[in-house]
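> Let me see the structure of the following:
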Amino acid sequence: MQSVQIPLFVPAGTLVIVYLVILISGIHRKRKKRGSPFASDLLRSPGQSLLARIDGFNEEVQVCALVLILYPIMVFAMHVVQTYFMKIPESETRVAVSAAGVLVVISYFLLKLLRLLSKRRIFRLGYQGEVAVGQELNQYMSDGYKVYHDFPADNFNIDHIVVGPSGVLAVETKTRSTGTTKDRRADAVVTYDGRMLHFPKGSDHNTIDQAKRQAEWLSAWLTSAVGEPVDVRAIVAIPGWYVRRTSPDGISVVNPRQFDSLFKHIQPRPLPDKLFQQIAHQIEQKCRDVVPAMPDES
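Next comes the predicted model:
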């Protein structure tokens, strides 16, 4: 029985050591402090929280890849060592147990890797969408707008907040892949009826509801923070899609390249200068929480 357990125990122990080394190395990089030339924390970038999730997926993918590569090699190496150096007789049981162990471990980590890659693709798409919307919004800072990204709220994040001549806007990004048929224009058309988004392959009301809830939350938070009523309007931005609106009802839903037209035609809700500065200050205090990362010395 001991000869059967050794080929499995040693590789498994080795993999645990490899995983612990990767884990400790990651913790060390996060905790390692160096003198920073920056006097304060940095503002959050578009998709900051999504990028952190993607980094976490990358670390897990590395662990799975190492297991898939190293585990079969280590099991085979232990089998050879036991046969030729420890003089343990070869048997069908030893081979079967080793093969079964490899098959179970490889199957588990392969399925886990595929799930991780699928999730990472979704998060990358969302991140790229937030960056695209953020870049469009940043252009309006020269027109007197203040733009903030990835605002950390209560257990959720508001993708973008715009404070300016049009008032306070909470922008929710909806990123969705387009179809792959020959008619690319038709594949990239989303219909908005004031309540729901109708994509070629399904409808979505959650995004509209979520944008409204976040705007209401931000309005209540700012009102409490500055001591004056602050109205916040919800906007949904869908990069890469043509928005066909069939009803005047509901919140604004646009392609990010339509921001210019939206800001020109949306009913302005101007803010007194003092209130403008108070709102911007409160939002910036929440968004300026990124600790500058110092690169390791070579």
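> Can you show me the helices along the stretch 1-150 of the chain?
Along the stretch 1-150 of the chain, counting by DSSP state H, counting those that start in this stretch, helices occupy 2-31, 48-84, 92-138.
> show me where pLDDT drops low in the protein?
For the chain, the stretches flagged by pLDDT under 70 are 1-39, 179-184, 293-298.
> can you list the domains in it?
2-29+36-130, 144-290 (automatic domain parsing).
> contacting residues around residue 68?
106, 109-110, 113 (C-beta atoms under 8 Å, 6 or more residues apart in numbering). In short, each C-beta sits where N, CA and C put it, glycine included.
> I'd like the distance between it and residue 49.
Using C-beta to C-beta, to the nearest Å, residue 68 is found at 29 Å from residue 49.
> repeat for residue 112
23 Å.
> same check, this time on residue 63
For residue 63 relative to residue 49 (C-beta to C-beta), the value is 22 Å.
> so what's the backbone phi/psi at residue 209?
Backbone torsions of residue 209, given as degrees, to the nearest 10, read phi -60, psi -40.
> any idea how far it is from residue 87?
Residue 209 sits 70 Å away from residue 87, going by C-beta to C-beta.
> Compare those two (neighbour count), which wins?
Set residue 209 next to residue 87 and count neighbours by other C-beta atoms under 10 Å: residue 209 wins out with 13 against 7.
> Now do the strands in the stretch 151-298 of the chain.
157-164, 167-173, 189-192, 197-199, 202-204, 232-237, 242-245, 252-254, 288-290 (DSSP state E, counting those that start in this stretch).
> Could you dump those strands into TSV and include distance to residue 272?
Formatted as TSV, the strands of the stretch 151-298 of the chain follow (distance: least, C-beta to C-beta, whole Å):
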stretch	distance to residue 272
strand 157-164	13
strand 167-173	12
strand 189-192	33
strand 197-199	35
strand 202-204	37
strand 232-237	16
strand 242-245	32
strand 252-254	24
strand 288-290	24
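> export the ones you listed to TSV and tack on mean neighbour count?
Below are the strands of the stretch 151-298 of the chain laid out as TSV (neighbours: other C-beta atoms under 10 Å):
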stretch	mean neighbour count
strand 157-164	23
strand 167-173	25
strand 189-192	19
strand 197-199	19
strand 202-204	12
strand 232-237	24
strand 242-245	14
strand 252-254	21
strand 288-290	13
